[in-house]
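S.K.: Turn this into a model:
(chains A and B)
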Amino acid sequence: DAGITQSPRHKVTETGTPVTLRCHQTENHRYMYWYRQDPGHGLRLIHYSYGVKDTDKGEVSDGYSVSRSKTEDFLLTLESATSSQTSVYFCAISGGGKGSPLHFGNGTRLTVT
Amino acid sequence: GENVEQHPSTLSVQEGDSAVIKCTYSDSASNYFPWYKQELGKGPQLIIDIRSNVGEKKDQRIAVTLNKTAKHFSLHITETQPEDSAVYFCAASTTNTGNQFYFGTGTSLTVIP
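M.R.: Presented below is the predicted three-dimensional model:
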């Protein structure tokens, strides 16, 4: 497995509270991504980063923010969690060269009650 | 942006039979097409990929074909085994847009012993 660690693995939180998910990589890869996985929707990109402090929005970025202050860490923050953000969140990394594949972490299951 | 469609959503085959999963994409600039296998409770894992300058690629029991003109690509698994049971995702990517990946909605494959 690629060296990707997501924390926490499971979290239950209440509507309106802030939540931060962490992704840590040991591969020194340039690109890092946050996806959410929901039944019937596959994997949808939330935000991605192409370098330290360089981030961009994906297709479902509303309600989420990200930060990358170090190559190895990529944080996803839900400023005020809503029930629609109940999902499984996956971090992925890529070397970024032409045709470089994504490698995924094992996910964080988030439940917003 | 890119739109990837994947069919079927579920597939059951007898052990030893072949399985085929098909995907179409919309953006002619897409040039890299990976396939991922996801087991329960884990992140997707890359199983095979193909680039736009290649029509077919094979790795033991797994093969992928690409038809650029028709914008579709397929995953073929021969001599299926119970351990092939999982959810499979196709994806399309272009290096023209910052190494973004777009995923199909997944196929749940069950191999019946």
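
S.K.: Name the residues of chain A found near chain B, please.
M.R.: Taking C-beta under 8 Å from any C-beta of the partner chain as the criterion, the neighbours of chain B within chain A are A:4, A:31, A:33, A:35, A:40-45, A:48, A:50, A:56, A:58-59, A:90, A:92, A:94, A:96, A:98-107. (Glycine included, C-beta is placed from N, CA and C.)

S.K.: from these, which would you call buried?
M.R.: A:4, A:31, A:33, A:35, A:42-45, A:48, A:50, A:58, A:90, A:92, A:94, A:99-105, A:107 (16 or more other C-beta atoms under 10 Å in any protein chain shown).

S.K.: name the element the residue lying closest to residue A:10 once chain neighbours are set aside belongs to?
M.R.: Distance criterion C-beta to C-beta, 6 or more residues apart in numbering or on different chains; nearest residue to residue A:10, sequence neighbours excluded, is residue A:109 at 5.0 Å. For residue A:109, the host element (DSSP states H and E) is strand A:108-112.

S.K.: what residues does that strand touch?
M.R.: Contacts with strand A:108-112, where a contact means C-beta atoms under 8 Å, 6 or more residues apart in numbering or on different chains, come from A:6-15, A:19, A:21, A:78, A:81-83, A:85-90.

S.K.: make it 7 Å
M.R.: A:6, A:8-13, A:15, A:19, A:21, A:81-83, A:85-89 (C-beta atoms under 7 Å, 6 or more residues apart in numbering or on different chains).
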